[in-house]
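> make a model of this:
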Amino acid sequence: MPKRKLVITITGEFFPETFPAFRSPRRSRGDEDPMATEMRLFSACMRWAFNRLLEGVSRDDIKKAGQELFGLNSRYVDDARLQAGALLDSRKKLLLLEIEETEAKLSRARRKLGLAMRKLTKAEKKGAAPGELEKLHLLVRGRQMRVASLEKKLAELRACAIPKVIFGGRKLWRRVCRGRAAREEWQAVRKNRLYCRGDETKGGNPNMKVTCRDGEFRLAVTISHLSEQAGEDALGRPKMSRAPRVEGRLWLPEKHRDLVRVWLAMKLPYTVELVRTLEGRCLVHLAFDLGWVVREPDFAKGCLALDTNRDGMALCNVGASGQPERWPGDLRIPHPGNLGKYRGEFQVITYPGGFLYIRIPDLQYARGFRRKYLIGVLAKVIVDVAKFLGKPIALENLDFGKDRLDTNSKFNRMASNFPFAGMVEAVCRRAAKEKVAFKLVPAQHTSTIGYWKYMNRFAVPVHCAAALVVGRRAIGYRERTTRELKQLLDQIKQNPTRKVSSLPREGEGMTRRVRACLKRVERKMAAHNGFTLWQQEAFYSVWHDFKQLALALRRPRLAGVGQTGRRPNRTREAGVKPPPEGPHSPVEARGFPAGRRSVPAVPFRRSTPVRVGLPGRGPLSPCPSGANQISGRRRNPGLGPA
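Numbers count the residues shown, from 1 in each chain. From the prediction side, this is the model:
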C-alpha cells in the first residue's frame, strides 16, 4: 500500500480591524480596500502565470516579470505560479482520463453496433415482420449515431493540448451567458483569493501570520503592493521595503484550537488561503501537514471489514482465522447528537455472530454539504469502533468511473448517485487521523461470494456477507468452492421447475441461459481451488458465472434453495402464519431456528444510545446517563474499555 501524508484543513473566518492609511494610486481601483486590491492582483498574477507556463517560460523569468507587472513580492508571485502549475497538471491528467474513458465507450459502442447489425441481418434472412425490421433499422441507426458522436469527441480530445479552463467557474459562466447570473458576480469570483504557502524558516508563514494572545487568535495579512523598491539584490531582483499589514481577529472552530496552539508554539509551517465571499465575508483555510505516514495493517487480531452501500455501511468483526467474531460485551455504538430530526435518521441494525449494519437513509437523497456531513458522521462512528476493537479497517476499493457509464440508465443513475468515493475517502482520512491502519482490497465479486457462501450460513443480509468476504480478502484468505456449494448446484439441477411469477423473464422450466451458466460453473469449479488469490479474484473467474446464474434464476423458489437468511421467505415457504408485528415477537416465529436469538432492528433515538446486542444477552440496553457511548466511561472522550 502506498504511503500517504495527512493534511488537515481548518476553516475559519477573518474579521479585519486595521487597514493601511494610504492607497496605491497605480494599483487601486475605485473605493476597494487594500486587501481586496491584493486579492485582485494575486488572482490576475495566477491567470498570467498559467498562460506563461503554457508558453514554456521558466520559473525565474515568471517571478521577475510578475513582480514588476503586478507589484507583488516574490513569495506571492511564486505561490501564484505554483497554483497555476497545479491547475495545469490537473487539466493534463484530466485530458488523459477523458481520452481513456472515451476509448472504452467507443469500443463498447462498436461492439453493440456489430451485434445490432448481425441481428438485423438474421431477421432479414428469416423474413421477419415489417414492424420488427423497422425497429431493428432504428436500433442500428441509433448505434451508428452513437459511434459517430464518440469518434468525433475522441478526435477533438486528441487534438487539444489541455481542456479549456474558465477562471471563475464554468458553471457560473454558463449562467452568466444565459442571463441567470450577473457578470459582476462572475468577475468577483475571479478575484477573491489570496494564497501563501508555509515556510518553517520564516516562522510558519511569511505573508499571513497567525498568532495567539490571551486565548484569542489573530491574523496579519501582508499587503505587498504598498511596499516600495529600496534597491536590487545580487541577482538583479528588486528589494522592497517592509510592507504594511491588515490585522484582525481570527475565529476558528473550538475543536481545532488546541492543535493550532501547539502548531504555533512549535513554529511549524502552515498554509493560509483567504477567500472573500459574495456577501463580503473573509473565509480562512489553514492547512497543516501532519506528516503522519499510514502504517501497514497488522491482522494478528483480525480486522473490521466494511461493505459500502448507498444508504450506509455493513460491518463485520472478522477474526484472525477469517471467521466472524462476536462483538465485545462493552462495545457501544455512539449516536450522533445532531441526527435526531425524526425517528430512524440514524439506525444501527445488529445481527448474530459479529455483523452490524449502520443505515442513514438520507445518504441517498441529501445534497451538497448535508451529504458530506452525513458521510463524516458515518466515518467517525466506524473509526471509533475500529479503534475500540484495536483492529485495522478493511474496505473495498470501488470504481464506478465514467468509462462505465453507457446507455444503461439504471446503472448510470446508481453510479452517479452513489457517494462511494466520498465514503471511502472519509473513512481513510479519519483512520489516518486517528492512527488506525486500513487496507483497500479489490471489490470484484464480494457480493456474489457472500450471496452464495455466507448469507444463508450466518443468516445475514448479502451486504453483511460481502463485508465478511472483504475482511477475508484483506487478511489473505482464498475463497474456495465448498462441498455445500456443489450440493446446492446439484439441487438446482434436480429441481428445475420454478413457480410462475410476475417478474420479467420468469416462467416454468429451466431456461437455456441457466443451463449454459451451470455448464460454465461446473467446468471452472474443477480448477478454481488450485488458483492463486489474484486468479480467483479475476473478473472472468467462476464467481462471474455464479453472478450470472444468480441473475438468471431471479431469486428461485426451489425446494430447500430459498433465501433462508430472509425471514419473510422462510416463514412463507414453511407455511407458517406471519408473526405479529413488533420487536418482541417470538424468535422462532420470525424465521430463525430455535436456540438462536437475534436483536431486532431498532432505530436509535437521539437521547438513547444503545449497547450492541449479542446472542444470549437479550435486547438492546441504553447507556447509563452521562456515560461515554462506546466505552461507558463517564466524562471521558476516549474509547478504551471501561
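> and the gap between Arg261 and Thr211?
The spacing between Arg261 and Thr211, counted by C-beta to C-beta, to the nearest Å, is 11 Å. Backbone N, C-alpha and C define where each C-beta goes, glycine included.
> one more: Lys255?
When distance is defined by C-beta to C-beta, Lys255 is 20 Å away from Thr211.
> then Glu232?
32 Å.
> hey, which strand is longest across this structure?
Among the elements of the chain assigned as strand by DSSP state E, the one spanning the most residues is strand 7-18.
> how far does that one sit from its chain's centre?
27 Å (C-alpha atoms, centre = their mean, to the nearest Å).
> how about stretch 210-227?
Its chain's C-alpha centre lies 36 Å from the corresponding centre of stretch 210-227 when counted by C-alpha atoms, centre = their mean.
> kindly export that stretch (C-alpha atoms) in CSV.
Output in CSV follows, covering the C-alpha atoms of stretch 210-227 (Å, rounded to 0.1, in the frame of the first residue of the first chain):
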residue,chain,number,x,y,z
VAL,A,210,-1.4,33.6,12.7
THR,A,211,-0.8,34.5,16.4
CYS,A,212,-2.4,33.6,19.7
ARG,A,213,-2.5,36.0,22.5
ASP,A,214,-4.6,35.6,25.7
GLY,A,215,-6.5,32.8,24.1
GLU,A,216,-7.5,34.8,21.1
PHE,A,217,-6.3,34.1,17.6
ARG,A,218,-5.3,37.0,15.3
LEU,A,219,-4.2,37.1,11.6
ALA,A,220,-1.9,39.6,9.9
VAL,A,221,-2.0,39.7,6.1
THR,A,222,0.9,41.4,4.2
ILE,A,223,-0.2,44.0,1.6
SER,A,224,2.9,43.7,-0.7
HIS,A,225,1.8,46.1,-3.4
LEU,A,226,2.0,49.0,-1.0
SER,A,227,5.7,48.4,-0.4
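> so for that stretch, mean pLDDT?
Averaging pLDDT along stretch 210-227 yields 92.
> ok so, going back, of Glu232 and Thr211, who's got more company?
Higher neighbour count among Glu232 and Thr211: Thr211, with 14 against 10, using other C-beta atoms under 10 Å.
> quick check: buried residues in stretch 358-366?
The neighbour-count criterion (16 or more other C-beta atoms under 10 Å) identifies 358-363, 366 as the buried residues of stretch 358-366.
> the residues you listed in helices, which ones?
Counted as lying in helices by DSSP state H, out of the buried residues of stretch 358-366, is not a single one.
> can you tell me which of the residues you listed is closest to Ala467?
Comparing those against Ala467 with C-beta to C-beta places Ile358 closest, at 11.2 Å.
> for the residue lying closest to that closest one once chain neighbours are set aside, phi and psi?
The spatial neighbour of Ile358 that comes closest, neighbours along the chain excluded (C-beta to C-beta, 6 or more residues apart in numbering), is Gly312 at 4.9 Å. Dihedral pair for Gly312: phi 160, psi -160, per degrees, to the nearest 10.
> kindly report the same for the one 4 residues further on.
In terms of degrees, to the nearest 10, the main-chain angles of Cys316 are phi -140, psi 130.
> who touches it in this structure?
304-305, 307, 324, 354-356, 464, 467-468, 470-471 (C-beta atoms under 8 Å, 6 or more residues apart in numbering).
> do the same with Tyr373
Neighbour list for Tyr373: empty [criterion: C-beta under 8 Å, 6+ apart].
> how about the host helix or strand of it: buried residues?
Following DSSP states H and E, one finds Tyr373 within helix 368-389. Taking 16+ other C-beta under 10 Å as the neighbour-count basis, helix 368-389 is seen to contain the buried residues 371, 374-389.
> before we move on, what about stretch 201-208?
Within stretch 201-208, the residues that qualify as buried by neighbour count (16+ other C-beta under 10 Å) are 204-208.
> from those residues, which two are the most distant?
The most widely separated members of the buried residues of stretch 201-208 are Gly204 and Asn207, with 10.7 Å between them, by C-beta to C-beta.
> in CSV, list the buried residues of stretch 201-208 along with secondary structure and distance to Arg520.
Output for those, formatted as CSV (DSSP: H, G, I helix; E, B strand; the rest coil; distance: C-beta to C-beta, whole Å):
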residue, secondary structure, distance to Arg520
Gly204, strand, 63
Asn205, coil, 63
Pro206, coil, 66
Asn207, coil, 66
Met208, strand, 64
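> confidence-wise, which of these comes last?
Gly204 (86).
> so where is the protein shaky, pLDDT-wise?
Per-residue confidence for the chain (pLDDT under 70) gives these ranges: 1-5, 235-238, 240, 292-294, 399-418, 495-511, 554-642.
> how close does Leu339 sit to Arg457?
Counting by C-beta to C-beta, the gap from Leu339 to Arg457 is 33 Å.
> mind checking what secondary structure Ala104 has?
Assigned by DSSP: H, G, I helix; E, B strand; the rest coil, the conformation of Ala104 is helix.
> what's the answer for Val147, then?
Using three-state DSSP, the three-state assignment for Val147 comes out as helix.
> test my guess that it contacts Arg111.
No - counting by C-beta atoms under 8 Å, no contact exists between Val147 and Arg111, whose distance comes to 10.1 Å.
> the more surrounded of these two?
With other C-beta under 10 Å as the criterion, Val147 and Arg111 differ in neighbour count, and Val147 comes out ahead with 16 against 11.
> contact partners for the nearest residue to the more buried one once chain neighbours are set aside?
Closest residue in space to Val147, ignoring its immediate chain neighbours: Ala109 at 4.9 Å, by C-beta to C-beta, 6+ apart. Counting by C-beta under 8 Å, 6+ apart, Ala109 touches 143, 146-147, 150, 406.
> list the residues that contact both of Arg261 and Thr211?
Shared contacts of Arg261 and Thr211, counting by C-beta under 8 Å, 6+ apart, come down to nothing at all.
> which helix or strand contains the residue nearest to Val147?
Using DSSP H and E, Ala109 falls in helix 74-126.
> re the thing from before, now, of the contacts of Ala109, which are buried?
Burial by neighbour count, judged by 16+ other C-beta under 10 Å, picks out 143, 146-147, 150 from these.
> in CSV, list the residues you listed along with distance to Arg512.
Supplementary listing: the buried ones among the contacts of Ala109 in CSV, determined by distance: C-beta to C-beta, whole Å:
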residue, distance to Arg512
Arg143, 26
Arg146, 29
Val147, 30
Leu150, 33
